[in-house]
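Enquirer: turn this into a model:
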Amino acid sequence: MTHEFPSLLEKAAYLREKQLVGDAKSQISGLLPFSRATLWRRVKDGTFPKPVKLSERTTAWPTAEIRKWMMDPAAYRATSTHVGR
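Expert: Purely as a prediction, here's the structure:
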């Protein structure tokens, strides 16, 4: 019997804003080469995945969507209707 928990977790995992763009105060770099403002501008214009509202104060991005964007950022167009910030 084969367990596919790692792949299941990868598909179900989320990334928070600081993980994506980093935190200048803490000198932590993020996965993306742009700022928080650029992240939200791209979300708004549909060239970056829309986040999911996990709770009243928690917004995150599905890792599967981030992976799709990373495969071809220039061609990516958000299609889902997740709730924004």
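
Enquirer: now the strands for this protein?
Expert: 14-15, 22-23, 28-29, 52-55, 58-62 (DSSP state E).

Enquirer: of all the ones you listed, which lies closest to Tyr76?
Expert: strand 58-62 (12.5 Å; CB to CB). For the C-beta atoms, the positions are set from N, CA and C on the backbone; glycine is no exception.

Enquirer: point out where this protein drops to low pLDDT.
Expert: For the chain, the stretches flagged by pLDDT under 70 are 1-12, 80-85.

Enquirer: all the helices of it, in order from the start?
Expert: Secondary structure of the chain (DSSP state H): helices at 5-12, 17-21, 36-45, 63-71.

Enquirer: Glu56: which of those is closest?
Expert: helix 17-21 (15.6 Å).

Enquirer: quick check: the residue nearest the centre of the chain vs Met71, distance?
Expert: The residue lying closest to the centre of the chain (CA atoms, centre = their mean) is Trp61, at 3.4 Å. Trp61 sits 15 Å away from Met71, going by CB to CB, to the nearest Å.

Enquirer: next one: Thr58
Expert: 26 Å.

Enquirer: how about Gln27?
Expert: Distance from Gln27 to Met71, by CB to CB: 29 Å.

Enquirer: for stretch 66-73, buried residues please.
Expert: For stretch 66-73, the neighbour count (16 or more other CB atoms under 10 Å) marks Ile66, Lys68, Trp69 as buried.

Enquirer: related to what we said a few turns ago, the residue nearest to the centre of the chain contacts Val52, doesn't it?
Expert: Yes - between Trp61 and Val52 a contact is recorded at 7.1 Å, counting by CB atoms under 8 Å.

Enquirer: what's the overlap in contacts for those two?
Expert: Common neighbours of Trp61 and Val52, using CB atoms under 8 Å, 6 or more residues apart in numbering, are Tyr14.
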